[in-house]
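> I'd like to go over a predicted model; first the sequence, then the structure.
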Amino acid sequence: MDTPLGRFRAGGLSDGTTACVFIRPEGVVPYEGDEEAGEARSAEVVSSHYLGIASHIHLRSKSLVDGASITFHAQRSGRYLPRIGTRTNYRVDPAHGFVFRQEDEAT
(Lines give C-alpha, C1' and ligand atoms only; values in the text may rest on other atoms or scores of the structure.)
Protein backbone atom coordinates (compact mmCIF):
# COMPACT_ATOMS: atom_id res chain seq x y z
CA MET A 1 0.00 0.00 0.00
CA ASP A 2 1.38 3.43 -0.95
CA THR A 3 1.22 5.94 1.92
CA PRO A 4 2.55 9.46 2.50
CA LEU A 5 5.55 7.91 4.30
CA GLY A 6 6.25 5.06 1.90
CA ARG A 7 5.04 1.63 0.88
CA PHE A 8 3.76 -0.95 3.35
CA ARG A 9 2.49 -4.50 2.96
CA ALA A 10 -1.29 -4.78 3.08
CA GLY A 11 -1.59 -8.54 3.19
CA GLY A 12 -5.09 -9.83 2.59
CA LEU A 13 -6.56 -6.52 1.42
CA SER A 14 -7.74 -6.27 -2.15
CA ASP A 15 -7.14 -3.25 -4.39
CA GLY A 16 -9.46 -0.36 -3.59
CA THR A 17 -10.02 -1.37 0.04
CA THR A 18 -9.97 1.59 2.42
CA ALA A 19 -7.32 1.03 5.07
CA CYS A 20 -5.60 2.66 8.06
CA VAL A 21 -1.84 2.57 8.41
CA PHE A 22 -0.19 2.83 11.82
CA ILE A 23 3.55 3.36 12.09
CA ARG A 24 5.20 2.99 15.47
CA PRO A 25 7.28 6.12 16.32
CA GLU A 26 10.44 4.02 16.62
CA GLY A 27 9.83 2.93 13.01
CA VAL A 28 10.58 6.48 11.82
CA VAL A 29 14.35 6.71 12.24
CA PRO A 30 15.90 10.20 12.17
CA TYR A 31 19.64 10.48 11.60
CA GLU A 32 22.37 12.87 10.55
CA GLY A 33 24.42 12.37 7.42
CA ASP A 34 23.89 11.86 3.73
CA GLU A 35 20.66 10.47 2.37
CA GLU A 36 20.79 6.85 1.26
CA ALA A 37 19.44 6.45 -2.25
CA GLY A 38 15.83 5.34 -2.28
CA GLU A 39 15.46 4.97 1.48
CA ALA A 40 16.06 8.28 3.23
CA ARG A 41 14.06 11.47 3.11
CA SER A 42 14.46 14.91 4.58
CA ALA A 43 12.06 16.63 6.99
CA GLU A 44 11.85 19.90 8.91
CA VAL A 45 12.12 19.65 12.69
CA VAL A 46 8.99 21.05 14.38
CA SER A 47 10.09 20.15 17.92
CA SER A 48 12.45 17.77 19.72
CA HIS A 49 12.44 16.63 23.34
CA TYR A 50 14.71 14.34 25.33
CA LEU A 51 12.61 12.03 27.51
CA GLY A 52 15.34 10.37 29.56
CA ILE A 53 16.10 7.28 27.48
CA ALA A 54 14.91 8.45 24.09
CA SER A 55 14.32 11.59 22.06
CA HIS A 56 10.90 12.41 20.61
CA ILE A 57 11.05 14.43 17.38
CA HIS A 58 8.06 16.06 15.64
CA LEU A 59 8.72 16.36 11.88
CA ARG A 60 7.13 18.00 8.83
CA SER A 61 7.68 16.79 5.28
CA LYS A 62 5.92 16.30 1.97
CA SER A 63 3.73 13.31 1.24
CA LEU A 64 5.23 10.76 -1.14
CA VAL A 65 1.75 10.27 -2.62
CA ASP A 66 0.55 13.79 -3.47
CA GLY A 67 3.19 16.23 -2.18
CA ALA A 68 0.90 17.63 0.53
CA SER A 69 2.46 18.79 3.82
CA ILE A 70 2.36 16.08 6.51
CA THR A 71 3.52 15.97 10.11
CA PHE A 72 4.57 12.89 12.04
CA HIS A 73 6.62 11.81 15.05
CA ALA A 74 9.84 9.88 15.38
CA GLN A 75 11.58 8.36 18.37
CA ARG A 76 15.29 7.70 18.69
CA SER A 77 17.22 6.08 21.53
CA GLY A 78 19.52 8.40 23.42
CA ARG A 79 19.86 12.15 23.14
CA TYR A 80 19.17 13.49 19.65
CA LEU A 81 17.89 17.06 19.66
CA PRO A 82 18.04 18.71 16.25
CA ARG A 83 17.20 22.41 16.36
CA ILE A 84 13.67 23.54 15.49
CA GLY A 85 13.45 24.71 11.89
CA THR A 86 16.46 22.71 10.71
CA ARG A 87 16.20 19.70 8.42
CA THR A 88 17.07 16.16 9.39
CA ASN A 89 17.11 12.94 7.43
CA TYR A 90 14.85 10.04 8.29
CA ARG A 91 13.93 6.63 6.98
CA VAL A 92 10.91 4.48 7.70
CA ASP A 93 11.33 0.86 8.74
CA PRO A 94 8.43 -1.00 7.09
CA ALA A 95 8.58 -3.64 9.84
CA HIS A 96 7.04 -1.01 12.14
CA GLY A 97 4.12 -0.25 9.81
CA PHE A 98 0.77 -1.99 10.28
CA VAL A 99 -2.10 -1.89 7.78
CA PHE A 100 -5.67 -2.54 8.91
CA ARG A 101 -8.91 -2.59 6.98
CA GLN A 102 -10.84 0.64 7.64
CA GLU A 103 -14.06 -0.34 9.32
CA ASP A 104 -17.20 1.68 8.59
CA GLU A 105 -17.75 3.98 11.58
CA ALA A 106 -21.48 3.19 11.52
CA THR A 107 -20.86 -0.46 12.45
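Happy to help now that I have it.
> burial of residue 55, as a residue count?
19 (other Cβ atoms under 10 Å). Placement of C-beta: from N, CA and C, glycine included.
> Then residue 28?
Here the neighbour count serves as a burial measure; for residue 28 (other Cβ under 10 Å) it reads 24.
> can you check the one 4 residues further on too?
Applying other Cβ under 10 Å, we find 8 other residues in the vicinity of residue 32.
> okay but it is in contact with residue 88, surely?
Yes. Contact status for residue 32 versus residue 88: in contact at 6.9 Å, counting by Cβ atoms under 8 Å.
> Now the spatially most central residue of the chain. Its backbone dihedrals?
Among the residues of the chain, the one closest to the centroid is residue 28, at 4.7 Å (Cα atoms, centre = their mean). The phi/psi pair for residue 28 (degrees, to the nearest 10) reads phi -100, psi 110.
> From residue 16, how far off is it?
If you measure residue 28 against residue 16 using Cβ to Cβ, to the nearest Å, the figure is 27 Å.
> ditto for residue 27
Using Cβ to Cβ, we find residue 27 at a distance of 26 Å from residue 16.
> of those two, who's got more company?
Between residue 27 and residue 16, counted using other Cβ under 10 Å, the more crowded position is residue 27 (19 against 5).
> so what's the closest residue to residue 27 other than its chain neighbours up against?
Spatial nearest neighbour of residue 27, chain neighbours left out: residue 96 (2.3 Å); criterion: Cβ to Cβ, 6 or more residues apart in numbering. Shown in contact with residue 96 (Cβ atoms under 8 Å, 6 or more residues apart in numbering): 23, 24, 26, 27, 28.
> of those residues, closest to residue 47?
residue 28 (14.4 Å; Cβ to Cβ).
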